[in-house]
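Colleague: Here you go, sequence then predicted model.
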Amino acid sequence: MLTLNMRTKNIIKKPYIKLRKLFRKKKPTGALPGSLIYTGEKTTGEPVINLIKYDTTSCDQIKITEPENLRDVLDKNKINWIDIEGLNNVNLIGEIGKQLELHPLVTEDILNVEQRAKTEDYENYTYIVLRMFHLKGENKEIIPEQLSIILGKNFIATFQEGIEGDSFQKIRARLRENYSVEGKITLDYLLYLLIDSVIDSYFDVLEILGERTESIEEELVNNPDKNTLTSIYTLKREMLFLRKTIWPLREAIVHLERNTKGLISAHTLPYYRDLYDHTINVLDTMETYREMLTSMIDIYLSSFSNKLNETMKYLALISTIFIPMTFIASIYGMNFQYMPELEWLLGYPFALGLMFLVGITFLIIFKKKKWV
Amino acid sequence: MLTLNMRTKNIIKKPYIKLRKLFRKKKPTGALPGSLIYTGEKTTGEPVINLIKYDTTSCDQIKITEPENLRDVLDKNKINWIDIEGLNNVNLIGEIGKQLELHPLVTEDILNVEQRAKTEDYENYTYIVLRMFHLKGENKEIIPEQLSIILGKNFIATFQEGIEGDSFQKIRARLRENYSVEGKITLDYLLYLLIDSVIDSYFDVLEILGERTESIEEELVNNPDKNTLTSIYTLKREMLFLRKTIWPLREAIVHLERNTKGLISAHTLPYYRDLYDHTINVLDTMETYREMLTSMIDIYLSSFSNKLNETMKYLALISTIFIPMTFIASIYGMNFQYMPELEWLLGYPFALGLMFLVGITFLIIFKKKKWV
Amino acid sequence: MLTLNMRTKNIIKKPYIKLRKLFRKKKPTGALPGSLIYTGEKTTGEPVINLIKYDTTSCDQIKITEPENLRDVLDKNKINWIDIEGLNNVNLIGEIGKQLELHPLVTEDILNVEQRAKTEDYENYTYIVLRMFHLKGENKEIIPEQLSIILGKNFIATFQEGIEGDSFQKIRARLRENYSVEGKITLDYLLYLLIDSVIDSYFDVLEILGERTESIEEELVNNPDKNTLTSIYTLKREMLFLRKTIWPLREAIVHLERNTKGLISAHTLPYYRDLYDHTINVLDTMETYREMLTSMIDIYLSSFSNKLNETMKYLALISTIFIPMTFIASIYGMNFQYMPELEWLLGYPFALGLMFLVGITFLIIFKKKKWV
Amino acid sequence: MLTLNMRTKNIIKKPYIKLRKLFRKKKPTGALPGSLIYTGEKTTGEPVINLIKYDTTSCDQIKITEPENLRDVLDKNKINWIDIEGLNNVNLIGEIGKQLELHPLVTEDILNVEQRAKTEDYENYTYIVLRMFHLKGENKEIIPEQLSIILGKNFIATFQEGIEGDSFQKIRARLRENYSVEGKITLDYLLYLLIDSVIDSYFDVLEILGERTESIEEELVNNPDKNTLTSIYTLKREMLFLRKTIWPLREAIVHLERNTKGLISAHTLPYYRDLYDHTINVLDTMETYREMLTSMIDIYLSSFSNKLNETMKYLALISTIFIPMTFIASIYGMNFQYMPELEWLLGYPFALGLMFLVGITFLIIFKKKKWV
Amino acid sequence: MLTLNMRTKNIIKKPYIKLRKLFRKKKPTGALPGSLIYTGEKTTGEPVINLIKYDTTSCDQIKITEPENLRDVLDKNKINWIDIEGLNNVNLIGEIGKQLELHPLVTEDILNVEQRAKTEDYENYTYIVLRMFHLKGENKEIIPEQLSIILGKNFIATFQEGIEGDSFQKIRARLRENYSVEGKITLDYLLYLLIDSVIDSYFDVLEILGERTESIEEELVNNPDKNTLTSIYTLKREMLFLRKTIWPLREAIVHLERNTKGLISAHTLPYYRDLYDHTINVLDTMETYREMLTSMIDIYLSSFSNKLNETMKYLALISTIFIPMTFIASIYGMNFQYMPELEWLLGYPFALGLMFLVGITFLIIFKKKKWV
């Protein structure tokens, strides 16, 4: 009994996102709007600010240490990508916000790592917020991380929570390889690359979910035990949270595609349509998994209860065969003075035979009724 | 049995909003439209009317005692915030309605504390009604309170039911600190502050619900008993009511955002978009909780019934082992004259051995079938 | 067994709207369109026609006996309210239809008392049909009645089925008190008063449903028996019918509010918005009740079956304790010649003690496993 | 056992529409589009073609035998109604299609009797297809039949599958009575009459469904047996098919009402609005029935399983009372030499009394616990 | 036990689409957008490229072996249909993409055989992707295959995965027969023929699903066993996947019908409307099947558990009849010295009679209560 609970607890507690973590309040109650409060996990390292400036002639990567000068460092004639990793220094993020002339609410949202995915147009920039996933360790624990993107006139700024290190290695490598190709890595295409890498991480998560669903399916058929239902439940719960996270992204991408600010060129637009397709695909698949899990609960409940009931039936069968036999033995255990059978020479074998006959008869009847 | 019911009753009855209280009729049947009837809880104190008048040069707070003069006290060149706490004096509220030139239906709705959240545009003002929540006592009982807001050309009037005292302390403090900053606390920004503080209270409620959901989840895994299902049910019911309350707020804020009367300046608009985001976030989270609770019922039903069935199986196993053994004893209890075994010197140990053998055999079979 | 069925039957049969009554065919099959057939309950009395003519100077109430002259009796310079109570005289209703120049389909619909609520614009008038509810007797049986309203240029005609007598006493009284107030009771405001009184009756019904839901909830916790489920079912069924009735009213009121024919003045429009609010409120509440009832079924099924299973468990416990004890007694009932214990002086108390020990041991084991 | 299955089979197999019949493929796979293939039931008789030509002066009915001349027989100055009964002669239908200048796809759809209800506008005509129902025999078996209607400039053509004979007797009779009334039976009104008679047949079907639902409801309360669930299931299945059939009709009528081709005069339009109302009414009612059936399954499962469990409980009670009594008897059946009670004069009555006492005690305990 | 699992496994594993196969990631994680990677099953054969060029005077079929010259081989004055069978040569497909001037994303999507069905307009062509189904072997295993279609100004290119060989034999034959008929097989009509043949394959799949559903239904009534539920589950799961595949096709066809690029002539448009109808029909039918399967689970659970419970009841009845009889035998097995019955001459028959009487009495009681 104890081990069961221990195991079940482990399944529920360990590889899953904590409830309280996902649904924190946006800020301490009563905190006034506009206060800058970082609501994510406290990490020790300082935020790292990387700036890449490039045009077709050059591509320079600079580490920024004095955010107060950020505005001056940007090159108006080049494309600037400012990547901030780590949000735990509130003042620094506030300073960057000021330098980029962000609306106070945007800076607040960047620090507030429980945002719903959304795209918001401001006068001089567009703010995009979404969540990427990392798979950590052997258990492939799913770690969510918020990514805020500011798309300005000639710059992109990305704010990573920085929990699992840098996620954009490959994109940087690509940039360095291709910056010189005319019209290749435009600002809007760079944005596409960033979002695409996030959606890629959803497919990784989907694969994990698919594997878990399949393994539960197999368990269900071969060897359902008390933990199977708990596994189904926790998987379903995880699915609920992921869907809740990914669902609003659909709308955010539609908003980008509609392109009200003219930030995306006709040439890059098909790529955004592609992002939309992938998001829908992820959501459809997740929905299908969810429906499968719901059906599995029915199967589980039935097969588990049937297994138990079958046992009960066999036990009842055994009792029911022995009870009439015992009855006969009790008869010849009575102490009447005048019981002719008792004095028969073959009385004892006769009684044994009678019991045997009764037992066999019942067994045959049960067999015929297909109860055995 | 009795204690069970007592406890269950407590769980259902105490920390939850009463059904009858939430779904009262809008007014006594047959009461004609336009009659002013306060439908909330009777409180003893008189309504308190506070007026704050401010511009960038000054900020004065006045206690109004003669509502007949309210119109004269307002300063057309300043921003006026009239805050009414307590609605139990129908005549006084009626008088204020007249002073602010409200439509009779609006005054009726202010007194009618079971309104659905909504925004209604009238010629000279906009009427917003919503519900805020207070957490009371150790049980963190959820107390709903209706808040009506009138947004006029140069004033805001707020009507609190006043059940849990004043809710706007912090906003007043903020006002006093910032009134002198040019263009900071405009009329539309003040409205935002008010609604934002209400939605903040929803996040508090969400946290309570999340905690309760988690604690039931834990109970489910470790130690489900007869009350677990009742807890799930009452929590689900509470969720239903809260959703019913919060759902229409979404539409009310969309209406404000659409800004058909031009009351909200371009500068403040992002703040309203933010309100919308938060409302959606609350509703999404609630929906996720609701789906989790539904799944929990399945788990509960299964795990509880399995626990019982396991007990039954073990009891049946014990009986099934003893019944054949008793059968053998009965055989040797028969009174036949010619039963060779009875006269054997080792007949008794033989019989005991036989019984023991039969018992062990059954036990081994059951073990092999994994029934034990 | 018999009494159970009797009671259950009563619950299902008595206070609820009959299925066949609610879903009658629109007319005898094959009857051609345009035939006037009254499909409601036959009542004996003749329809009563009341005409109220009023302007700011006078208000006269006339009983009309010759409907052929109806058109002549109407006063073009006043507001005319023709109220018909009872529809069982088909010819008379047909005549009134002709006098008011109604489309044949409208007259047909008035007589056809199973209409869905709707608003239909015709060239010279608007046709509104909805259903009001009466609560009858101690059981508060819910009696539906169809109300058809014709809103013409200078008249309103109301057609009541007349099952529960006159429903508009209060409105008439109000009219008589206020007719002289300039611009108070305009034609569109009168229409509002009529529809408002109907929606008021929905709140009465809601209160009944709320009370029943609460009483079932209490029964569920304290003393669920075989009838509880039937009560839940019948209440849910009643809810289904009421929702089906009220749902289309929403659309009908939206249509009025959209005011395509310009029948409603800007001044009265907020009142219609209020009607809409109330209708939504009724529907929301009903939906919440319905979801509660669905959850209750789960609770019922679980708690009832658990109660039964608990009983079974206790019975099985008793048997399981006595079976091994009986086994020991059977052993010492065997007739072997050489059974040392039988000849012991304290053999009997020893055997009794052994049995007692075995019984107690099992009891302790069961206690430890928390089965008792 | 055998009889149960026989009965259940009958219920499932007989009065219901066959699955394979309703969901046939549109045509043999690989058949190229445009091939004319009749997919309905083969009937032996030849199609019958009736032509009615009328204006206000005359109304002639002609039996057409040479479809090649159909175009010449039509009178451009009159209204022509061509009614084809039976579709099993593919060439003949093809010829009529050519004469009426139908698009090849329309002719294909007419022969393809598994169409979804729809309205399609072509240049010179509108094609409407829907399904009518006949109730056949004592069992009131529901027989579907496809009806295709072509509404041309001055003609209507109706194509009946002809399974259940002519369905438009009454309409023809009406036509003959009223053709001379100016502007009464216009082309659009004739179309209305045809569709109305189809929807009338839906109300007949609804009544049958209502009766069956009620009779199952009664069976559920009074005497649920193993077939009750099967009945609920088959009724629900039938409902699913009917809804699938009727649902698209809603859209088809909306399309007609929108009147994009100007075929329907302002005068006839209200009649089409009426058709729409009736369709919605049928669908609403069906939905309500479906929800009732879903709830019934819960009740059935619970009441049936409770009945069985009650039986088990009574059986267990009996056993549990006799087992301790048997135990006492076993004690006094032991063969100890020194058992004082055995030698008592009143030992036997004492033992009997003891057993009786134990039995009664248990019975009283069970009564107190309300288990009996 | 073992055989059960073996069989169940077979049912789940064999005739169904593998989960992992259907939901693969769009490409290896981290692969950069624009990389050409074929994600389908590796087949050994080389892709086959067929070109058919036709106008009303001639129709030539050419096998293309050097895709580099594809552009030159196309005849601008004729209609060109390039059919590619097999996608496993990534470079070749890339080359064809370049020749047809396809957007890199389109070439990527063609190779990526897990696309959602969609229609995308590009400047010079429209890209349509959908999935067709083949039924393979005796088991009629459902094999999905992706089909990409490029509709250019004067050409159509079709990319088949080529798993099950060529699917367009019949269309080619038709083309060869009809190419000379003026205006018959236009480019848009050819596209229609292609899509129509795909949807035809859906009807084949539907028929298989219908047959399986019916056979499970029959099994459910006649002889439900442990595998029935698994069959229902796997069929439901298959349905989920098929629906997920077919659902987006609806939108894709609507997009074609809307005809924003003017590719489809007024004459061919009705054919596309027909495609839409067929798609809806497939989806409706699938939905109906799905709801039937859901209901079947309820029936199964109930009937299976009832069958088991009935067995238990009969076993309990037998025990309950013998237990009181054994009790009587035990009484007369007691060893009291003074037991008058023991010395009666007819004591033994009396006891036997008594037992018989008790047994019969219980049997009669059980019969009366309808437990037997």
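Modeller: Thanks, I have the structure now.
Colleague: In space, what's closest to the residue of the stretch 51-200 of chain A found nearest chain C - neighbours in sequence excluded?
Modeller: Chain C sits closest to A:R116 of the stretch 51-200 of chain A, with a gap of 24.7 Å, by C-beta to the nearest C-beta. Every C-beta, even on glycine, is put in place using the N, C-alpha and C of the backbone. Of all residues not flanking A:R116 in the chain, A:P248 sits nearest, at 4.7 Å (C-beta to C-beta, 6 or more residues apart in numbering or on different chains).
Colleague: what sits against that neighbour?
Modeller: When the contact criterion is C-beta atoms under 8 Å, 6 or more residues apart in numbering or on different chains, the partners of A:P248 are A:116-118, B:280.
Colleague: May I have the phi/psi pair for it?
Modeller: phi -70, psi -20 (degrees, to the nearest 10).
Colleague: got the contact list for the residue in the stretch 201-350 of chain A that chain C sits nearest to?
Modeller: Minimum separation of the stretch 201-350 of chain A from chain C (C-beta to the nearest C-beta) falls at A:G333, amounting to 6.8 Å. Residues in contact with A:G333 (C-beta under 8 Å, 6+ apart) are B:330, B:333-335, C:333, D:333, E:329-330, E:333.
Colleague: again, only using 6 Å
Modeller: A:G333 sits next to B:333-334, E:333 when contact means C-beta atoms under 6 Å, 6 or more residues apart in numbering or on different chains.
Colleague: could you pull out the helices for the stretch 151-300 of chain A?
Modeller: With helices called from DSSP state H, counting those that start in this stretch, the stretch 151-300 of chain A shows them at A:169-178, A:187-222, A:226-258, A:269-331.
Colleague: I'd like these as CSV, with mean pLDDT appended.
Modeller: Below are those laid out as CSV (pLDDT from 0 to 100):
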stretch, mean pLDDT
helix A:169-178, 88
helix A:187-222, 88
helix A:226-258, 86
helix A:269-331, 87
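Colleague: Just give me the neighbour total for A:I253.
Modeller: Neighbour count of A:I253, defined by other C-beta atoms under 10 Å in any protein chain shown: 25.
Colleague: coming back round to it: gap between the residue nearest to A:R116 and chain E?
Modeller: Computed as C-beta to the nearest C-beta, to the nearest Å, the A:P248 to chain E distance reads 20 Å.
Colleague: From A:H255, how far out is that residue?
Modeller: A:P248 sits 10 Å away from A:H255, going by C-beta to C-beta, to the nearest Å.
Colleague: How far does stretch A:350-369 sit from its chain's centre?
Modeller: With C-alpha atoms, centre = their mean, to the nearest Å as the basis, stretch A:350-369 stands 58 Å off its chain's centre.
Colleague: for A:I62, phi and psi?
Modeller: Dihedral angles for A:I62 - degrees, to the nearest 10 - are phi -120, psi 140.
Colleague: A:H103 too?
Modeller: Per-residue torsions, A:H103: phi -60, psi 140 (degrees, to the nearest 10).
Colleague: So the residue of the stretch 201-350 of chain A found nearest chain D: helix, strand or coil?
Modeller: Here the stretch 201-350 of chain A gets closest to chain D at one residue, A:G333, 6.9 Å apart by C-beta to the nearest C-beta. Under DSSP: H, G, I helix; E, B strand; the rest coil, A:G333 falls in the coil class.
Colleague: Widest-spaced pair of the contacts of A:P248?
Modeller: Using C-beta to C-beta, these span at most 11.1 Å, a distance reached by A:A117 and B:I280.
Colleague: who has more neighbours, those two?
Modeller: The neighbour count for A:A117 versus B:I280, taken as other C-beta under 10 Å, is higher for A:A117 (21 against 15).
Colleague: Show the contacting residues for that one.
Modeller: Residues in contact with A:A117, defined by C-beta under 6 Å, 6+ apart, are A:130, A:248-249, A:252.
Colleague: out of those, who has the most neighbours?
Modeller: Among the contacts of A:A117, the one with the most neighbours (other C-beta under 10 Å) is A:L249, at 26 neighbours.
Colleague: ok, for that residue, nearest residue in space, not its chain neighbours?
Modeller: Distances taken as C-beta to C-beta, 6+ apart put A:A117 closest to A:L249, at 4.1 Å, once the chain neighbours are dropped.
Colleague: how close does that neighbour sit to A:E123?
Modeller: A:A117 sits 22 Å away from A:E123, going by C-beta to C-beta.
Colleague: still on that earlier bit, rebuild the contacts of A:A117 as CSV, extending it with distance to C:A316.
Modeller: Listed next are these as CSV, based on distance: C-beta to C-beta, whole Å:
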residue, distance to C:A316
A:L130, 58
A:P248, 54
A:L249, 56
A:A252, 60
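Colleague: now for the residues you listed, which pair is the farthest apart?
Modeller: A:L130 and A:P248 (8.6 Å).
Colleague: What count of nearby residues applies to the closest residue to A:R176 other than its chain neighbours?
Modeller: Leaving out its chain neighbours, the residue that sits closest to A:R176 by C-beta to C-beta, 6+ apart is A:C59, at 5.8 Å. For A:C59, the neighbour count with other C-beta under 10 Å is 19.
Colleague: I'd say A:C59 and A:E177 touch.
Modeller: No - at 9.4 Å, A:C59 does not count as touching A:E177 under the criterion of C-beta atoms under 6 Å.
Colleague: hey, where'd the strands end up in the stretch 51-200 of chain A?
Modeller: A:59-64, A:79-85, A:118-121, A:126-136, A:141-151, A:155-160 (DSSP state E, counting those that start in this stretch).
Colleague: Can you add mean pLDDT and distance to D:L187 and give the ones you listed back as CSV?
Modeller: Formatted as CSV, the strands of the stretch 51-200 of chain A follow (pLDDT from 0 to 100; distance: least, C-beta to C-beta, whole Å):
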stretch, mean pLDDT, distance to D:L187
strand A:59-64, 91, 75
strand A:79-85, 93, 68
strand A:118-121, 91, 54
strand A:126-136, 91, 58
strand A:141-151, 91, 61
strand A:155-160, 94, 65
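Colleague: I'd like to know which of the ones you listed lies nearest to C:E287.
Modeller: strand A:118-121 (29.1 Å).
Colleague: could you dump the closest one to CSV, C-alpha only?
Modeller: Only the C-alpha atoms of strand A:118-121 are listed here, as CSV (Å, rounded to 0.1, in the frame of the first residue of the first chain):
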residue,chain,number,x,y,z
LYS,A,118,0.2,37.7,-27.9
THR,A,119,1.3,40.2,-30.6
GLU,A,120,0.8,43.9,-29.8
ASP,A,121,1.4,46.8,-32.1
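Colleague: tell me which residues of it are tucked away?
Modeller: Counting neighbours by 16 or more other C-beta atoms under 10 Å in any protein chain shown, one finds that the buried residues in strand A:118-121 are A:118-120.
Colleague: That strand near chain B at all?
Modeller: No - using C-beta under 6 Å from any C-beta of the partner chain, strand A:118-121 never reaches chain B; the gap is at least 6.6 Å.
Colleague: other SSEs contacting that strand?
Modeller: Secondary structure elements in contact with strand A:118-121, counted by 3 or more C-beta pairs under 6 Å, 6 or more residues apart in numbering or on different chains; DSSP states H and E, are strand A:126-136, helix A:226-258.
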